[in-house]
Structure formats: structure tokens, C-alpha cells
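Asker: Got a predicted model here, sequence first, then my questions.
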Amino acid sequence: MLLDTKVKDAVRQQKAVAEIYPNSPATICMVKIAEKLCSEIPEDDENGSIKCFWESIIDQDSG
């Protein structure tokens with residue numbers, strides 16, 4: 001995250017920096033991070049996926 005004085009201003013105003021300063025460096029950085037996170041495809045990890053977690057819970061209840 002970039003150092004941006006607009007973040008401090010937003011905190012003082014108790015507003016989201018992206019709401020009141022949509023073109024600030026911090027907002028642009030947050031958008032890029034969000035875009036990267038949303039574009040990544042999670043790996044199908046059978047040992048750690050949420051699907052397997054719930055399946056193990058269901059199996060415990062039925063067994």
C-alpha cells in the first residue's frame with residue numbers, strides 16, 4: 001500500500017478513502033489489489049478446500 005496523506009484525511013473525516021478520494025494513490029492501489037485477488041483462480045486443494053471442510057463435518061454427523 002502506498003503512503004498517501006489522503007488516508008489520514010479520510011480517517012479524520014471517518015469516511016472511506018475510496019469514497020471521498022476515488023482517484024488518490026491509496027485508492028488506486030487498493031483497487032489494483034482487489035482486481036488481482038478477484039482474478040486469481042483458487043487451487044483445488046483437496047486437503048484444505050472449504051468444500052472438503054464441510055464434507056468432513058457432514059461425514060462426522062452422519063457417521
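Answerer: Sure thing, it's come through.
Asker: Mind listing what's buried along the longest helix along the chain?
Answerer: In the chain, with assignment by DSSP state H, the single longest helix is helix 25-39. Using 16 or more other Cβ atoms under 10 Å as the test for burial, helix 25-39 gives 25-27, 30. Quick note: C-beta positions are derived from backbone N, CA and C, even for glycine.
Asker: May I have the predicted confidence score for Ser62?
Answerer: Note on Ser62: pLDDT of 56.
Asker: And for Glu35?
Answerer: Predicted confidence (pLDDT) for Glu35: 90.
Asker: related to what we said a few turns ago, which strands and helices sit next to the longest helix of the chain?
Answerer: helix 5-13, helix 17-20 (3 or more Cβ pairs under 8 Å, 6 or more residues apart in numbering; DSSP states H and E).
Asker: Not counting its own residues, what contacts that helix?
Answerer: 1-2, 4, 6-7, 17-18, 21 (Cβ atoms under 8 Å, 6 or more residues apart in numbering).
Asker: Quick one: buried ones out of the residues you listed?
Answerer: 4, 6-7, 17-18, 21.
Asker: Using CSV, write out every CA atom in the longest helix of the chain.
Answerer: Extracted in CSV, the C-alpha atoms of helix 25-39 (Å, rounded to 0.1, in the frame of the first residue of the first chain):
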residue,chain,number,x,y,z
PRO,A,25,-2.9,6.8,-4.9
ALA,A,26,-4.1,4.7,-2.0
THR,A,27,-7.5,4.1,-3.6
ILE,A,28,-5.9,3.1,-6.9
CYS,A,29,-3.6,0.8,-5.1
MET,A,30,-6.5,-0.9,-3.2
VAL,A,31,-8.4,-1.3,-6.5
LYS,A,32,-5.4,-3.0,-8.1
ILE,A,33,-5.0,-5.3,-5.1
ALA,A,34,-8.7,-6.2,-5.2
GLU,A,35,-8.6,-6.8,-9.0
LYS,A,36,-5.6,-9.1,-8.6
LEU,A,37,-7.3,-11.1,-5.8
CYS,A,38,-10.5,-11.4,-7.8
SER,A,39,-8.7,-12.5,-10.9
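Asker: All set, thanks.
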